[in-house]
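Participant: Just a sequence and a predicted model for now, questions to come.
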Amino acid sequence: MTLRHFLDLDSIDAETLRGIVDTAHAMKRAGKRVPEAMRPNDADTTVLVMIFEKPSTRTRVSFDVAMRQLGGQTIMLNHTDLQLGRGESIADTARVLSRYVDAIMLRANSHDTLIEFARHASVPIINGLTDRSHPCQIIADIVTFEEAKGPITGRTVAWVGDGNNVAASWMQAAVQFGFELRIACPESLRPDPAIEKWVKVNKGRIRITDSATSAVNGADCVVTDTWVSMGQKDADRRKALLQPFAVNEELMGKAEEDAIFMHCLPAYRGNEVTDEVIEGPHSVVFDEAENRLHAQKAILSWCLGA
């Protein structure tokens with residue numbers, strides 16, 4: 001049987017991704033008691049192990065609660081809990097864990113670590129975040145967009161700020177879900193060229209600009225993220241470069257009147273977004289955070305063959 005890894009949005013076909021989003025909507029409507037038909041087989045004996053090389057609030061808690069609501073159990077491990085830190089190989093770790101559990105969620109510093117896990121595991125591997133991408137977040141974001149504004153296909157999303165791992169997953173989503181994505185960022189913080197190439201090959205409707213106003217003008221949704229991610233050493237340089245890309249009320253005013261604002265959190269108010277925007281009428285950031293739970297349930301359900 002082919003394993004259903006959830007590694008990146010470019011490695012899963014558009015129809016399957018659409019089904020995962022639709023399942024997430026259904027999971028939310030169902031509430032805490034997920035109907036039997038939406039649970040994996042033998043859910044009560046299903047175990048998810050979660051490995052964290054980086055700290056986490058939303059990923060950790062949403063996956064933990066998601067697995068419990070599906071009827072299964074979880075084990076949480078920091079990288080210091082594993083023999084990986086003492087020289088055991090990723091391949092051996094993946095093989096051993098596969099003998100114990102039904103799925104592995106990994107929040108890794110390097111995307112290469114995720115790929116190595118997937119290469120050697122005999123259970124599904126889920127990308128909980130790497131330096132390259134954050135696909136689980138984007139499933140939740142699309143659920144949030146569609147709750148607020150209807151189907152995302154054909155709409156316009158503006159990303160403002162660093163062309164980081166979350167922006168990369170938005171780029172993949174634009175191709176897979178058929179919406180326009182405009183990215184405003186400094187030239188030196190553009191997204192990964194490999195993902196830009198993939199988008200071009202797949203005829204994605206994506207425009208990259210150094211003007212926040214140009215990107216946001218007439219958009220249905222404005223998205224940003226923290227300017228300094230965990231482990232990055234050049235905070236002062238990045239903040240100076242990104243200051244013109246702060247999302248404030250004036251910038252939001254360039255979007256459609258009923259546009260929504262999203263941020264995957266944690267937010268640093270006064271840097272990438274002002275208090276007035278994140279607490280204002282356009283903001284759906286806490287719906288977005290809640291929808292991580294429903295997205296994780298849908299992703300787990302698909303990976304485990306429900």
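Facilitator: Structure received. Numbering: from 1, shown residues only.
Participant: looking at it, Ala246 is touching Asp275, isn't it?
Facilitator: No. Checked against CB atoms under 8 Å, the pair Ala246 and Asp275 is beyond contact range at 11.7 Å. Using the backbone N, CA and C atoms, a C-beta is placed for each residue, glycine as well.
Participant: who's more crowded, the two?
Facilitator: Using other CB atoms under 10 Å, the more surrounded residue of Ala246 and Asp275 is Ala246, with 20 against 11.
Participant: Tell me which helix or strand comes right after the lowest-mean-pLDDT helix or strand in the chain.
Facilitator: Least confident helix or strand of the chain, by mean pLDDT, DSSP states H and E, is helix 235-242 with a mean of 93. Downstream of helix 235-242, the first helix or strand assigned by DSSP states H and E is helix 249-252.
Participant: So which other helices or strands are in contact with that following helix?
Facilitator: Under the contact definition 3 or more CB pairs under 8 Å, 6 or more residues apart in numbering; DSSP states H and E, helix 249-252 sits against helix 212-216, helix 275-278.
Participant: who's in contact with the helix or strand containing Val222?
Facilitator: Using DSSP H and E, Val222 maps to strand 221-224. Contacts to strand 221-224, defined as CB atoms under 8 Å, 6 or more residues apart in numbering, come from residues 141, 145, 149, 155-161, 170, 216, 245, 247, 251-252, 255, 259-263, 272-273, 282.
Participant: for the record, mean pLDDT for stretch 114-130?
Facilitator: Average pLDDT, stretch 114-130: 98.
Participant: Oh, that last question was meant for stretch 79-91, not what I typed.
Facilitator: According to the model, stretch 79-91 has a mean pLDDT of 80.
Participant: show me what contacts the closest residue to Arg182 other than its chain neighbours?
Facilitator: Among residues not flanking Arg182 along the chain, Ala215 sits closest, at 4.0 Å (CB to CB, 6 or more residues apart in numbering). Going by CB under 8 Å, 6+ apart, Ala215 touches Ala158, Trp159, Val160, Arg182, Ile183, Ala184, Arg207, Thr209.
Participant: farthest-separated two in these?
Facilitator: Val160 and Arg207 (12.9 Å; CB to CB).
Participant: Which one of those two is surrounded by more residues?
Facilitator: Between Val160 and Arg207, Val160 has the larger neighbour count (other CB under 10 Å), namely 27 against 13.
Participant: Might one say that that one is in contact with Pro244?
Facilitator: No. The pair Val160 / Pro244 is not scored as a contact, 9.7 Å apart, by CB under 8 Å.
Participant: overlap in contacts of the two?
Facilitator: Common contacts of Val160 and Pro244, defined by CB under 8 Å, 6+ apart, comprise Ala212.
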